[in-house]
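Colleague: Using only what follows, build the 3D model:
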Amino acid sequence: RVLLLFSFCVFPGQALSQQPGAYVQGDVADAGSNAPISKAIVELRVPGTRTAIASTRTDRDGRFYLPNVAAGSYSLVATHAGHVFAEHGQRVAGAPGPTLVLAPGQRIMDARIAMTAGGVITGRITDRGRPVGLADAVAVKAVWTEGQPSLTAVISVRADDTGEFRLFWLPPGRYYIVGMVWDVANSVGTFVNSEDQDNGNFHAQRYVGRAVFMRATAGGIGENEAHLPVFYPGTTDPQMAKAIEVQPGAVIKGIDVDASAVRTSRVRGRVLGIPAQGGQLARTTVEARPLTTVFNITPAQLPTAVVAPDGTFEMPYVAPGRYVVTARAGSDARNPGSDFIGRAVMDVYSSDVANVVISLSARMTLSGRVVIEGAAPAAAERALSSLRVALRTDPLLPNTTNNGVVVNVDGSFAMPDPAVGTQIVPGIPAGDYRILVTPLLEPPTPDEVIPPTLPPVLQYLYVKSVRLGDVDVLNGRLRFQGQPRDS
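Modeller: Below is the predicted model:
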């Protein structure tokens, strides 16, 4: 037998007691009419997460009660069908509110959550004048960077058998509507809840069933045709799209999209500077990626090719648009960064393209130093350790990250960073870039996104200049055509 002995010690004058719970009471009301909202779900969440610590529903008068809540920091949020996700104390619809800090036994009796009514956009998707059932309609938001849009999907639905769609629960704001006719049995993810986040359960249910029920009912396409995402009122170019302003509770009708198939083009070109590998020219591939895209729904938007021994390549079906064409040669999984790489910008319109030339070069390194003027050494070191230097492709490539490298306390930095230890990091491909110094100098963000608060050590700093040799590239592009001699 095993005998477990426990020893307890009680200190005189101290009693074991539990801290009293806090109490939160309040109401949920419509921000426009001030009318109470019944059956809204009210939750106390862990800040920055969707984890609910306590939850309840409002009564017919919009009142809610959250008793016996453990002391701590929370986000007080509300959700309701037809309204935009809301937080207690938020200043703008959809923006985060302040953290609610509850002390033991604290009683809050008047916590109000104002909810903004969502808007509705309805319309029809057609192909050559005929309605398209099971096509996708998507509301997207755009952030413009140097004339180039970066698009983010907010809410999507599928059209019914008559091509009609209804986008609902839209937060107030400026949207572009995209209609998509799939040439295969597929669809985009579905965003249908009041928090503008993909609802995994509903998304999964859409894919249950025979593939034939997921195929759009449009007419067929020719060998040199493809369906593309089309922006309202009927263009594949987002710069020609018409924006729609959605006010709280508004119902906007007649947003019809002509998503007819377009003609594809044949692209030919040549790759220069292919290195030798094993006594012959290295295997070289070419891929084109659109500079502006929301969804890729056809292979014609992502064309690829294998380069012939004479350096030529051909892509027979390329959708209209602006692309960055990238060629790679000599890739070796055992030695990342050993490949040769080159890029070129290509415009494809209504005719074939036959003059794309891409020059390959080895990857390069970049080093430099960040200097903080007028700061004491100790303050400068604290500021420098909070900075990262990154390169952003110019023009901006979709779905790229700008992780950058850490600035050392002496202000030095290197790309790739040798401090990563045994990890092998590829060097920098030749091309055009913009310098980012985060978090002081970053790409633009949507208007409704609140920029992060700078740490105190950086709040009075700004980027004055970025120099490569004698050239200031702060407001211009940094062009890599060969290994920099003075960086």
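Colleague: What ranges does this protein have for its helices?
Modeller: 200-206, 377-384 (DSSP state H).
Colleague: For these, which has the smallest mean pLDDT value?
Modeller: Least confidently modelled of the helices of the chain is helix 200-206, at a mean of 34 by mean pLDDT.
Colleague: pretty sure S73 is touching A103, no?
Modeller: No: distance between S73 and A103: 10.7 Å, which falls outside the contact criterion (CB atoms under 8 Å). Quick note: C-beta positions are derived from backbone N, CA and C, even for glycine.
Colleague: Look up how far V257 lies from R124.
Modeller: 8 Å (CB to CB, to the nearest Å).
Colleague: Ok, A226 next?
Modeller: Counting by CB to CB, the gap from A226 to V257 is 16 Å.
Colleague: The two: which has the busier surroundings?
Modeller: Neighbours were counted for A226 and for V257 using other CB atoms under 10 Å; V257 has more, 28 against 21.
Colleague: which residues sit in contact with the more buried one?
Modeller: By CB atoms under 8 Å, 6 or more residues apart in numbering, the residues touching V257 are 123-126, 137, 177-179, 230-234.
Colleague: go with 7 Å
Modeller: G123, I125, I177, G179, V230, Y232, G234 (CB atoms under 7 Å, 6 or more residues apart in numbering).
Colleague: Quick check, pLDDT for the nearest residue to D160 once chain neighbours are set aside.
Modeller: Nearest non-adjacent residue to D160, counting by CB to CB, 6 or more residues apart in numbering: G133, 6.3 Å away. For G133, the model assigns a pLDDT of 89.
Colleague: Phi and psi next, for G133.
Modeller: The phi/psi pair for G133 (degrees, to the nearest 10) reads phi -80, psi 150.
Colleague: Next: G94.
Modeller: phi 90, psi -10.
Colleague: Tell me the confidence at the residue lying closest to D472 once chain neighbours are set aside?
Modeller: Nearest non-adjacent residue to D472, counting by CB to CB, 6+ apart: S465, 5.3 Å away. According to the prediction, S465 has pLDDT 90.
Colleague: same check, this time on Q483
Modeller: pLDDT, read off for Q483, is 67.
Colleague: ok, now F231?
Modeller: On the pLDDT scale, F231 gets 94.
Colleague: For it, give me its contacts.
Modeller: Neighbours of F231 in contact, by CB under 7 Å, 6+ apart: Y176, V178, P238, A241.
Colleague: Tell me how many other residues crowd A375.
Modeller: A375 has 16 nearby residues by other CB under 10 Å.
Colleague: who's in contact with it?
Modeller: A383.
Colleague: How much space separates it from Q459?
Modeller: A375 is 13 Å from Q459, by CB to CB.
Colleague: same deal with P233?
Modeller: Where Q459 is concerned, P233 sits at a distance of 45 Å (CB to CB).
Colleague: And for V306?
Modeller: 52 Å.
Colleague: same deal with A354?
Modeller: 54 Å.
Colleague: do S350 as well
Modeller: 52 Å.
Colleague: what's the answer for G82, then?
Modeller: 40 Å.
Colleague: which of these two has more neighbours?
Modeller: G82 (14 against 9).
Colleague: Could I have the CA atoms of stretch 369-383 written out in PDB?
Modeller: Output of stretch 369-383 as PDB, limited to C-alpha atoms (Å, rounded to 0.1, in the frame of the first residue of the first chain):
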ATOM      1  CA  ARG A 369      22.500  51.400 -40.900                       C
ATOM      2  CA  VAL A 370      19.700  53.300 -39.200                       C
ATOM      3  CA  VAL A 371      20.700  56.500 -37.600                       C
ATOM      4  CA  ILE A 372      18.500  58.400 -35.100                       C
ATOM      5  CA  GLU A 373      19.500  62.100 -35.000                       C
ATOM      6  CA  GLY A 374      19.600  64.100 -31.800                       C
ATOM      7  CA  ALA A 375      18.900  61.200 -29.400                       C
ATOM      8  CA  ALA A 376      21.000  60.200 -26.400                       C
ATOM      9  CA  PRO A 377      22.800  56.800 -27.000                       C
ATOM     10  CA  ALA A 378      20.600  54.900 -24.500                       C
ATOM     11  CA  ALA A 379      17.400  56.200 -26.000                       C
ATOM     12  CA  ALA A 380      18.600  55.600 -29.500                       C
ATOM     13  CA  GLU A 381      19.400  51.900 -28.700                       C
ATOM     14  CA  ARG A 382      15.900  51.400 -27.200                       C
ATOM     15  CA  ALA A 383      14.300  52.900 -30.300                       C
END
